[in-house]
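*Asks:* Quick one, what's the 3D model for this:
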Amino acid sequence: MKNPNLLFRRTHLYLGMILLPWVAMYAVSTFLLNHGEHFRPRPADQQWRLLWEKDYAFEVPPGNDALRDAARRILADHGLSGAFGVQRQGQRLVINVQNFFNPARVTYDLVGKRIRAETRRHTAPEVLIRMHERTGYGRGGLLHDLWAFVVDLFCVTTLVWVGTGVYLWWKIAGVRGWGGLALGGGFATLLVLLLTL
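*Replies:* Presented below is the predicted three-dimensional model:
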């Protein structure tokens, strides 16, 4: 393609089309997070429903180095799998199994040797928020890594989209003033809030 302006226009156009579902998902889910009191009316603990509870004995190694391996073993012992996060909370081990539609929380009482599993309610706002919050590699197999890769690709593509947009704006001399005002306003707002909050 000999005309660089056409190349930038096409790049900007098709990146915008590729980004459309992702930008829409992040925009809507961010709005839901920003106005959580309207979309999460009940306390978080009331959103979980007990699946089962039973006696279970497993020695969790001290420290945090072997915590993921211990959590993986606990999940396997109970027929659970998928991407997960784990943390030690006092005398409890809490494992959050990530799933857009049916997330699970497994809580193991290290002293009482009791384990319980709960699932969270399924609503459209909750699913969108889970999509927004899903991050990281190495948490549960190829498809989870693919999601993380697409998020990385989205970030890089967004920067290219911004860059091509600025280039195209600069090439139209008649709107440089208004574009400069909009760009300056965006940076000024970010800077003021960054320095004052």
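*Asks:* quick one, strands of the protein?
*Replies:* Here the chain has its strands, by DSSP state E, at 48-55, 84-89, 92-97, 104-109, 114-120.
*Asks:* Switch the ones you listed over to TSV; also include mean pLDDT.
*Replies:* Rendered in TSV, the data for the strands of the chain read as follows (pLDDT from 0 to 100):
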stretch	mean pLDDT
strand 48-55	92
strand 84-89	90
strand 92-97	92
strand 104-109	94
strand 114-120	93
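*Asks:* Can you list the buried residues in the lowest-mean-pLDDT helix or strand in the chain?
*Replies:* Of all regular secondary-structure elements in the chain, judged by mean pLDDT, DSSP states H and E, the least confident is helix 36-39 with a mean of 78. By neighbour count with 16 or more other Cβ atoms under 10 Å, helix 36-39 contains the buried residues F39. (Each C-beta comes from the backbone N, C-alpha and C, glycine too.)
*Asks:* what number of residues lie near I74?
*Replies:* Neighbourhood size, I74 [other Cβ atoms under 10 Å]: 20.
*Asks:* Over to L93?
*Replies:* Residues within reach of L93, counting by other Cβ under 10 Å, total 21.
*Asks:* before we move on, the earlier item: could you list the residues in contact with the least confident helix or strand of the chain?
*Replies:* Contacts of helix 36-39 from elsewhere in the structure, counted by Cβ atoms under 8 Å, 6 or more residues apart in numbering, are 32, 125.
*Asks:* what's the answer for stretch 60-77, then?
*Replies:* Outside stretch 60-77, the residues touching it (Cβ under 8 Å, 6+ apart) are 56, 58, 81, 84, 86-88, 93, 95, 97, 106, 108, 110, 115.
*Asks:* and with 10 Å instead?
*Replies:* When contacts are defined by Cβ atoms under 10 Å, 6 or more residues apart in numbering, stretch 60-77 is touched by residues 56, 58-59, 80-82, 84-88, 93-97, 104, 106, 108, 110, 115, 117, 138-140.
*Asks:* send the alpha carbons of that stretch over as CSV?
*Replies:* Extracted as CSV, the C-alpha positions of stretch 60-77 are listed here (Å, rounded to 0.1, in the frame of the first residue of the first chain):
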residue,chain,number,x,y,z
VAL,A,60,-1.2,-27.8,54.3
PRO,A,61,2.6,-27.0,54.4
PRO,A,62,3.6,-23.8,56.3
GLY,A,63,4.4,-20.7,54.3
ASN,A,64,3.1,-19.6,50.9
ASP,A,65,5.6,-21.4,48.6
ALA,A,66,3.6,-24.6,48.3
LEU,A,67,0.2,-23.1,48.7
ARG,A,68,-0.9,-23.4,45.1
ASP,A,69,0.1,-27.1,45.0
ALA,A,70,-1.8,-27.7,48.2
ALA,A,71,-4.9,-26.0,46.8
ARG,A,72,-4.6,-27.9,43.5
ARG,A,73,-4.5,-31.2,45.5
ILE,A,74,-7.5,-30.1,47.6
LEU,A,75,-9.6,-29.3,44.5
ALA,A,76,-8.6,-32.6,42.8
ASP,A,77,-9.6,-34.5,45.9
